[in-house]
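[1] structure, please.
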Amino acid sequence: MSTIYDFTVKDADGKDVSLDKYRGKVLLIVNVASQCGFTNSNYTQMKELLDKYHDRGFEVAAFPCNQFGGQEPACEIDIKNFVNEKFNFEPDLFAKINVNGANADPLYQFLKKEQGGTLIDAIKWNFTKFLVDRQGKVVKRFAPTTEPRSIIKDIEALL
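    Down below sits the predicted model:
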């Protein structure tokens with residue numbers, strides 16, 4: 001596997017989705033949680049970025065994960081409704097996954113291999129972000145504390 005286009009994942013409705021759908025686009029992949037302290041700022045700012053850059057080829061792929069403090073306990077339908085109702089935001093929302101451990105989703109195994117973390121490669125918390133270029137290569141990794149607005153220059157450089 002050399003790009004994200006080699007992966008197929010399940011969407012929030014349980015349907016298979018090839019990440020090849022993002023071919024030629026700049027993509028932000030994020031592990032999300034509804035009850036995290038970073039939830040409001042991240043969803044609000046990711047919506048701003050998507051609204052501003054979507055027409056230029058920018059997308060957001062959100063992967064719910066309940067591995068950090070049990071902060072994403074809901075099912076995908078409830079998560080989708082929460083994000084839409086609270087933030088008026090409809091990112092591409094995928095099925096709940098594990099991002100660490102023996103049962104980590106293959107996409108996240110790949111992302112961590114391509115852009116390792118500080119000290120360890122494991123995802124440390126909700127809202128770790130990976131920026132993918134138009135060729136499907138993972139070019140940057142951002143910590144959960146990195147606000148989406150702060151990566152605008154990185155996104156613009158790829159658009």
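
[2] residues in contact with stretch 43-60: which ones?
    Contact partners of stretch 43-60, identified using CB atoms under 8 Å, 6 or more residues apart in numbering, comprise 22, 24-28, 30, 32, 62, 83, 86-89, 91-92, 134, 147-149, 152, 155-156, 159. All C-beta atoms are positioned from the backbone trio N, CA, C, and that covers glycine.

[3] quick check: mean pLDDT across it?
    Stretch 43-60 shows a mean pLDDT of 98.

[4] show me the strands in this protein, by range?
    Counting by DSSP state E, residue ranges of the strands within the chain are 8-10, 16-18, 26-32, 58-64, 92-93, 129-132, 138-142.

[5] re earlier: tell me which of the contacts of stretch 43-60 fall in helices.
    Among these, the members falling in helices are 83, 86-87, 152, 155-156 (criterion: DSSP state H).

[6] rewinding a little: show the buried residues in the contacts of stretch 43-60.
    With neighbours counted using 16 or more other CB atoms under 10 Å, the contacts of stretch 43-60 contain these buried positions: 22, 25-28, 30, 32, 62, 83, 87, 89, 91-92, 147-148, 155.

[7] quick one: which of those residues is nearest Glu114?
    Leu27 (13.0 Å; CB to CB).

[8] name the nearest residue to that closest one, sequence neighbours excluded.
    Excluding the flanking residues, the one nearest Leu27 by CB to CB, 6 or more residues apart in numbering is Val132, at 4.2 Å.

[9] my read is that the one you found contacts Ile29, right?
    Yes: counting by CB atoms under 8 Å, Ile29 is a contact partner of Val132 at 6.4 Å.
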